[in-house]
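Novice: Predicted structure and sequence below. I'll ask about it afterward.
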Amino acid sequence: MSKRNCTEAELNENDNKYITLTNKLKEIEEENKKLKQQYVNLQTDITLNYKLKPIQNPTMDNNLVHKSLELGRSNNTLLYNDDLKEYSGFYNFRDTKTFTFNNVYNNRIVSNIAVENKLKVIKQKYQENKELINFGNIKLVIILDNTIENNNTFWIIDGQHRIQAFKELNENFDIIPSTIPIPVNTSIKLVNNQTEMNEYLQLYQQQYLPDLRLFSCSITERQIKDFLITRFREKYPKAFKKYDNYLQENFSSLIKNYEDDGNISDGLVADLYNKITIFHKIIENDKPYIISNPHIIDDINTYMINNIFNHTNHKRNKSKSRKIEDNDNCSYGFVYKLNCFNEINAHFH
């Protein structure tokens, strides 16, 4: 069977079909290109809507500390709250040479002994587990006033000893290799001038250090400590007066002796849980004995007044007796200071 050659008309028809298909393919490719661009635009819109825009301020170009914070934000290690004008998150203290870290005027003087102790703990932890310790929270301020000094300075509100330890770590890589980052939970407040920084510092200093005696290791311990504090406050409000005044005075450090002269505090009462055996006694069904027998608080108080602080022939005890009477007849402040717990535990068990 012989092979038939295509006629000219058929060749022209095939050429037209090829041209038509080629044009259609180009149209499809062009449409696909438009769809891809729409997809990119949509992704860009989503990113802009869900990610914070760069923070604008007059020192953006030359403020090195601010640039470092924006870098942390772009790396998702720091967040920024525009209402508070504050960054928060994990700041890497691996580099302490690029910037200046200055203590504000009324921070404690850095103790070399305290820094050395921190370094020992850091080194021991890292050598044992190849892990860094939890460095707690550091609070810093940067001043956006366009001065040369502040464009390169972090002002330390809290954490001067830890930052000094980081400087030592960045000088001596025998403790922690230079390749290991030092991420620390950090808050960095933005202010416009020195006056605003002082105001912020004043607000921060109104926070008082936690009393470790108030912490609990179990639900039962928490329950008993809360009960004791509530009962003591109901019975001896005058004995708490100095402590309560301390808390109300903007948490200032002027009054440090709020537990002197028979005065008591929440922390002191919470610590009685550890000192007086019957206060942490547990009875059937894991019930705290003291909650079912609150009269024990009065019984111990009366016993100590009658047997320890009521010898009127002794001048020192006369003074204590007057103070006890002034404090709603509460002797626990002196009991705590004199550490009379052996006698109490022997008598009440």
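Specialist: Received, thanks.
Novice: So for Y258, what's the pLDDT?
Specialist: Y258 carries a pLDDT value of 84.
Novice: What values do phi and psi take at it?
Specialist: phi -70, psi -10 (degrees, to the nearest 10).
Novice: residue contacts, it?
Specialist: 242-243, 245-246, 265 (CB atoms under 8 Å, 6 or more residues apart in numbering). Where you see a C-beta, it was placed from the backbone N, CA and C, and this is true even at glycine.
Novice: one more time with 10 Å, if that's ok
Specialist: If a contact means CB atoms under 10 Å, 6 or more residues apart in numbering, then Y258 has 240-247, 264-265, 267-268 as its contacts.
Novice: For this protein, which segments are assigned as strands?
Specialist: Using DSSP state E, the strands of the chain run over residues 78-81, 86-92, 100-103, 137-143, 153-158, 183-191, 282-283, 287-288.
Novice: Run through who's touching the second one.
Specialist: Meaning strand 86-92. For strand 86-92, contacts defined as CB under 10 Å, 6+ apart pick out 55, 66, 68-73, 75-81, 137-142, 154, 166, 181-191, 200.
Novice: From those, list the buried ones, please.
Specialist: 66, 68-70, 72-73, 77-78, 80, 138-142, 154, 166, 182-184, 186-191, 200 (16 or more other CB atoms under 10 Å).
Novice: Would you mind measuring from D328 to T186?
Specialist: Taken as CB to CB, to the nearest Å, the spacing of D328 relative to T186 amounts to 45 Å.
Novice: Same check on K235?
Specialist: In this structure, K235 and T186 are separated by 44 Å, where distance is defined by CB to CB.
Novice: Please apply the same query to I113.
Specialist: Where T186 is concerned, I113 sits at a distance of 25 Å (CB to CB).
Novice: What of K238?
Specialist: When CB to CB is applied, the distance between K238 and T186 equals 43 Å.
Novice: again, but for T98
Specialist: For T98, the distance to T186 equals 16 Å [CB to CB].
Novice: Over to N129?
Specialist: 23 Å.
Novice: D298: what's its closest spatial neighbour, skipping adjacent residues?
Specialist: Among residues not flanking D298 along the chain, K235 sits closest, at 7.6 Å (CB to CB, 6 or more residues apart in numbering).
Novice: now swap in D211 and tell me
Specialist: Of all residues apart from its sequence neighbours, G267 sits closest to D211 (CB to CB, 6+ apart), at 3.5 Å.
Novice: Spit out the contact partners of the one you found.
Specialist: For G267, counting by CB under 10 Å, 6+ apart, the contacting residues are 210-215, 225, 229, 243, 258-259.
Novice: quick one on the thing from earlier: CSV please, covering the strands of the chain and showing distance to E27 and mean pLDDT.
Specialist: Shown next, in CSV, are the strands of the chain (distance: least, CB to CB, whole Å; pLDDT from 0 to 100):
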stretch, distance to E27, mean pLDDT
strand 78-81, 47, 90
strand 86-92, 50, 94
strand 100-103, 63, 87
strand 137-143, 56, 93
strand 153-158, 59, 90
strand 183-191, 54, 94
strand 282-283, 84, 91
strand 287-288, 82, 92
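Novice: quick one on the thing from earlier: quick check on the contacts of Y258: which are buried?
Specialist: 240-243, 246, 264-265, 267-268.
Novice: which among these gets closest to E31?
Specialist: Nearest to E31 out of the buried ones among the contacts of Y258 is G267 (CB to CB; 73.6 Å).
Novice: can you tell me how far that closest one sits from N245?
Specialist: 15 Å.
Novice: repeat for E70
Specialist: 44 Å.
Novice: Quick check, I283 in contact with T220.
Specialist: No. The pair I283 and T220 does not pass the contact test of CB atoms under 10 Å, sitting 11.7 Å apart.
Novice: For those two, work out which one has more neighbours and name it.
Specialist: Counted by other CB atoms under 10 Å, I283 and T220 do not tie: T220 has more neighbours, with 15 against 12.
Novice: ok, what's across the strand from the residue nearest to that one when sequence neighbours are not counted?
Specialist: Closest residue to T220 apart from its sequence neighbours, by CB to CB, 6+ apart: P288 at 6.3 Å. Here P288 sits in beta bridges with I282, going by DSSP bridges.
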